[in-house]
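# all I have is the shape, not the residue letters:
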């Protein structure tokens, strides 16, 4: 028996019920093995994974327009980086 007062782990009380789980490769993933964020919008995942803002900052400091501006920065930077890495013709 786990005693919660002594540092035991509390049950989640249904937090994960109905929460989709990303497919980490157990089944065939589309697009060459790449997976998508399933529990948050792609824009948020893109901003956080590019280290432009934390999830906490997006929830408390930045607004929707800021999120779209940060997303644009990530996309433009990614495009330009890919163009620079291409061999010149």
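Now that the structure is in, tell me what you want to look at. Computed from a predicted structure; not experimentally measured.

# report all helices and strands that the lengthiest helix in the chain contacts.
Using DSSP state H to define each element, the chain has its longest helix at helix 64-85. Under the contact criterion of 3 or more Cβ pairs under 8 Å, 6 or more residues apart in numbering; DSSP states H and E, helix 64-85 touches helix 42-49. Placement of C-beta: from N, CA and C, glycine included.

# report the buried residues of the helix it packs on.
43, 44, 46, 47, 48 (16 or more other Cβ atoms under 10 Å).

# turn the residues you listed into JSON lines, columns for pLDDT and distance to residue 89.
Putting the buried residues of helix 42-49 into JSON lines (pLDDT from 0 to 100; distance: Cβ to Cβ, whole Å) gives the following:
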{"residue": "43", "pLDDT": "96", "distance to residue 89": "33"}
{"residue": "44", "pLDDT": "96", "distance to residue 89": "37"}
{"residue": "46", "pLDDT": "96", "distance to residue 89": "30"}
{"residue": "47", "pLDDT": "97", "distance to residue 89": "33"}
{"residue": "48", "pLDDT": "97", "distance to residue 89": "36"}
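
# tell me which of the residues you listed is nearest to residue 33?
Within the buried residues of helix 42-49, distances to residue 33 taken as Cβ to Cβ reach their minimum at residue 46, with 18.5 Å.

# residues contacting the closest one?
71, 74, 75 (Cβ atoms under 8 Å, 6 or more residues apart in numbering).

# give me the buried entries from these.
Of these, these count as buried by 16+ other Cβ under 10 Å: 71, 74.

# export the contacts of residue 46 to CSV and tack on distance to residue 86 and pLDDT?
What follows is the contacts of residue 46, written out as CSV (distance: Cβ to Cβ, whole Å; pLDDT from 0 to 100):
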residue, distance to residue 86, pLDDT
71, 23, 97
74, 19, 97
75, 17, 97
